[in-house]
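Engineer: Dropping the sequence and predicted coords here.
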Amino acid sequence: MGFIEIKDLRIEFTKIDEGGNEVPGKVALDGVTLDIEKGSFVAIAGMNGSGKSTLAKCLNGLLTPTAGTVVVDGFDTADYETIWDVRSRVGMVFQNPDNQLVSTIAEDDVAFGPENLGIDPAEIRERVDNALIRVGMFELKDKGAHMLSGGQKQRIAIAGAIAMMPDCIVFDEPTAMLDPKGRAGVMDIIKELHSEGITCILITHFMSEAEQAERVIVLKNGKVLCDRTPAALFSDKEMIERAGLEMPPEIELRDKAGLPEKLTTAEDIADYIQKCR
Amino acid sequence: MIRDITLGQYYPGDSAVHRLDARTKIIATLLYIIELFVVNNFWGFLIAAAALFAVIAVSRVPLKFIFRGLTAVFLIIAFTFVLNLFMVEGRVLWHWKFLTITYEGVHRAFFMAVRLVLLIIGSSVMTLTTKPVELTDGLEKLLKPFSKIGLPSHEIALMMTIALRFIPTLMEETDKIIKAQQARGADFESGNLLQRAKSLIPILVPLFVSSFRIAQDLALAMEARCYRGGGGRTRMNEIKFRRGDAVAAVLMVLFLAVIIASRFITL
């Protein structure tokens, strides 16, 4: 049994027509069935409009299914009574680092989540310090949000999620608005959290990030197109094309250079080139 | 340029004034403002100014920062000064065509100017020595008793926190929009006042739209972090009254007595 169980999930948006009536709008997700294991590192990839961000918002009940169910650790996200149990288990980090910080001062923002959970002040202090150390932002805890770089703000947002001590964190394109340095920093933190046993779900359109996960789920037009290990996905050129994705840069280089296809990681390719010289 | 703006203009420090409970500082500031209106002669102002500078000395905030707040409102002070100077009737000191300066006018003008200056310095001492978050927390606690009669104290405090947080974000956004419109040939610098005001529309409309987008993002992020209103919430830094606050309270009462007494000084 998975930590998150998604069954026949359908999300259909409604829109208001000119007469002011609700009419069916876009179907964002259709018949999605997935199981996400506790402690796993899953990437969700797909083109713009494939439904990947919509899926992310279903995982902690920010969106409730039009049909089907999403069950997190035994709690149905559609059940309003237990929605806070779901959200305290599944943390979320969004794309825009600016629009998700509530407080001006970094450490006060990290404390926002635990404060909402009604935790004892002394324990909040401990959790906040701990979370800030884990994302490497302890020295900057007194800084104002407007003094931090995008990557630093994103680290604060991650610390805010960590401080709630969730079992799972959903990262909704956390690196899309960052520079390469900030992007690498965020990826390192995600991998570290995964190694500590936190379930990580990474929504991304960077294949170089998706290949670092244990499992990649590819969405297209609101449906699951495929669900495999990164190695299996990136050896299937036809599937990548169908999904409208790109190969990770080193695989692209491998194919352009005509190197053997059995090489699947940057390290393998580097070793191979070393030997040829 | 935006990074330089001192927001809520907090000056970090660890003085006795910094350590006071935010509630004490809010009440003291309110009391001080009221007392400035109780004062009816220059002796009172002298005492009030001395007390204020004593507090500033204890807080160890450089005077440079204190007076920075004044430059922003210099125009208002100058305006009131001039208005009082010419509008008050009484014994004529100087007369030219329709302009008249009276003895009472000069007195009133200086009186009002001193009052305004002290008022602004007094309130900036509070914002300089209190973190914005402490300030809003203090306000929330002070307004708590009124929540029984339907005043949403928690929501007001949260609104202030978010407003403070998003001032720099919205300023950056404005900057971006202005540059984008200028790149498309928009002209914000020429024309008369009306034309210039009109040219602001292409800035305000996108700014309005983007602030709604930001608000929606923030609301989602807050919901994802289990925000569900003020009920059942705890705070990381519980604000507590300490010994210093008791000392401050005694000083406040003494000061109030002195200010009231100063009304009867006649020299």
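Structural biologist: Right, received. Where do you want to start?
Engineer: Tell me where chain A has helices.
Structural biologist: A:52-58, A:83-89, A:106-116, A:121-134, A:150-162, A:180-195, A:207-210, A:230-234, A:237-243, A:249-257, A:266-276 (DSSP state H).
Engineer: number of nearby residues for residue 119?
Structural biologist: Unless you meant another one, I'm taking chain A. By other C-beta atoms under 10 Å in any protein chain shown, 21 other residues sit near residue A:119. Bear in mind the C-beta positions are built from the backbone N, C-alpha and C, glycine included.
Engineer: wrong one, chain B
Structural biologist: 17.
Engineer: Would you mind stating the distance between it and chain A?
Structural biologist: To chain A, residue B:119 is 25 Å away according to C-beta to the nearest C-beta, to the nearest Å.
Engineer: isn't that residue right next to residue B:39, touching?
Structural biologist: No: look at residue B:119 against residue B:39 with C-beta atoms under 8 Å: they stay out of range, at 11.0 Å.
Engineer: Looking at the helices of chain A, which is nearest to residue B:127?
Structural biologist: Nearest of the helices of chain A to residue B:127, taken as C-beta to C-beta: helix A:106-116 at 16.8 Å.
Engineer: quick one: contacts of the closest one?
Structural biologist: A:91, A:101-103, A:123-124, A:127-128, A:131-132, A:137, A:140-145, A:148, A:156, A:159-161, A:163-164, B:133, B:222, B:225-228, B:233-236 (C-beta atoms under 8 Å, 6 or more residues apart in numbering or on different chains).
Engineer: Likewise for stretch B:26-43?
Structural biologist: For stretch B:26-43, contacts defined as C-beta under 8 Å, 6+ apart pick out B:44-45, B:48, B:52, B:111, B:114-115, B:118-119, B:122-123, B:125-126, B:135, B:138-139, B:142, B:248, B:252, B:255-256, B:259-260, B:262-263, B:265, B:267.
Engineer: Now list the buried members of the residues you listed.
Structural biologist: Buried subset of these (neighbour count, 16 or more other C-beta atoms under 10 Å in any protein chain shown): B:44-45, B:48, B:52, B:111, B:114-115, B:118-119, B:122, B:125-126, B:135, B:138-139, B:142, B:248, B:252, B:255, B:259, B:262.
Engineer: For residue B:207, see how far away the residue of chain B most remote from its centre is.
Structural biologist: Computed with C-alpha atoms, centre = their mean, the maximum C-alpha offset from the centroid of chain B is found at residue B:97, amounting to 39.7 Å. Here residue B:97 is placed at a distance of 47 Å from residue B:207 (C-beta to C-beta, to the nearest Å).
Engineer: Can you give me the domain assignment for the chain?
Structural biologist: Answering for chain A, as no chain was given. Domain ranges of chain A: A:38-64+A:81-245, A:247-277, per automatic domain parsing.
Engineer: try again with chain B
Structural biologist: When chain B is parsed with automatic domain parsing, its domains come out as B:1-130+B:238-267, B:153-236.
Engineer: that older thread, so how far is residue A:197 from the residue farthest from the centre of chain B?
Structural biologist: As judged by C-beta to C-beta, residue B:97 and residue A:197 stand 86 Å apart.
Engineer: Could you count how many residues lie near the nearest residue to residue B:186 once chain neighbours are set aside?
Structural biologist: Excluding its sequence neighbours, the residue lying closest to residue B:186 (C-beta to C-beta, 6 or more residues apart in numbering or on different chains) is residue B:202, at 5.8 Å. Neighbours of residue B:202 under the rule other C-beta under 10 Å: 16.
Engineer: So residue B:202 versus residue B:181, what's the distance?
Structural biologist: Distance from residue B:202 to residue B:181, by C-beta to C-beta: 5 Å.
Engineer: quick revisit: and residue A:231, which of the domains of chain B is closest to it?
Structural biologist: Among the domains of chain B, domain B:153-236 comes nearest to residue A:231, with 32.2 Å by C-beta to C-beta.
Engineer: how far does that closest one stretch from start to finish?
Structural biologist: Terminal residues of domain B:153-236 are spaced 18 Å apart (C-alpha to C-alpha, to the nearest Å).
Engineer: Ok, stretch A:160-169 next?
Structural biologist: Across stretch A:160-169, first to last residue, C-alpha to C-alpha, it's 11 Å.
Engineer: Same question for stretch A:229-246.
Structural biologist: One end of stretch A:229-246 to the other measures 16 Å (C-alpha to C-alpha).
Engineer: same thing with stretch A:59-74?
Structural biologist: By C-alpha to C-alpha, the extent of stretch A:59-74 from end to end equals 13 Å.
Engineer: likewise stretch A:74-88?
Structural biologist: End-to-end distance of stretch A:74-88 (C-alpha to C-alpha): 13 Å.
Engineer: now that stretch: how far from the chain's centre is it?
Structural biologist: 19 Å (C-alpha atoms, centre = their mean, to the nearest Å).
Engineer: Do any residues in it lie close to chain B?
Structural biologist: Yes: contact of stretch A:74-88 with chain B (C-beta under 8 Å from any C-beta of the partner chain) involves A:84, A:87-88.
Engineer: Nearest to residue A:8 among the residues you listed?
Structural biologist: Among the residues of stretch A:74-88 next to chain B, residue A:87 lies closest to residue A:8 (C-beta to C-beta), at 22.8 Å.
Engineer: need the contact list for that closest one.
Structural biologist: Neighbouring residues of residue A:87 by C-beta under 8 Å, 6+ apart: A:60-61, B:223-226.
Engineer: distance of residue A:103 from residue B:231?
Structural biologist: From residue A:103 to residue B:231 the distance is 19 Å (C-beta to C-beta).
Engineer: These two: which has the busier surroundings?
Structural biologist: Counted by other C-beta under 10 Å, residue A:103 and residue B:231 do not tie: residue A:103 has more neighbours, with 24 against 7.
Engineer: give me every residue that touches the more buried one.
Structural biologist: Contacts of residue A:103 by C-beta under 8 Å, 6+ apart are A:109, A:111-112, A:145, B:133, B:161, B:165.
Engineer: Among these, which one has the most neighbours?
Structural biologist: Counting neighbours by other C-beta under 10 Å, the top entry in the contacts of residue A:103 is residue A:111, with 28 neighbours.
Engineer: ok, and the closest non-adjacent residue to it?
Structural biologist: Using C-beta to C-beta, 6+ apart and skipping residues adjacent in sequence, the residue nearest residue A:111 is residue B:236, 4.0 Å away.
Engineer: which SS class is that neighbour?
Structural biologist: Per DSSP: H, G, I helix; E, B strand; the rest coil, the secondary structure class of residue B:236 is coil.
Engineer: hang on, isn't it packed against residue A:123?
Structural biologist: No: assessed by C-beta under 8 Å, residue B:236 is found out of contact with residue A:123, at 9.5 Å.
Engineer: For the closest residue to residue A:36 other than its chain neighbours, give the beta-bridge partners.
Structural biologist: Spatially, and ignoring its direct neighbours in sequence, residue A:36 is nearest to residue A:4 (4.2 Å; C-beta to C-beta, 6+ apart). Beta bridges link residue A:4 to residue A:36, residue A:72 when assigned by DSSP bridges.
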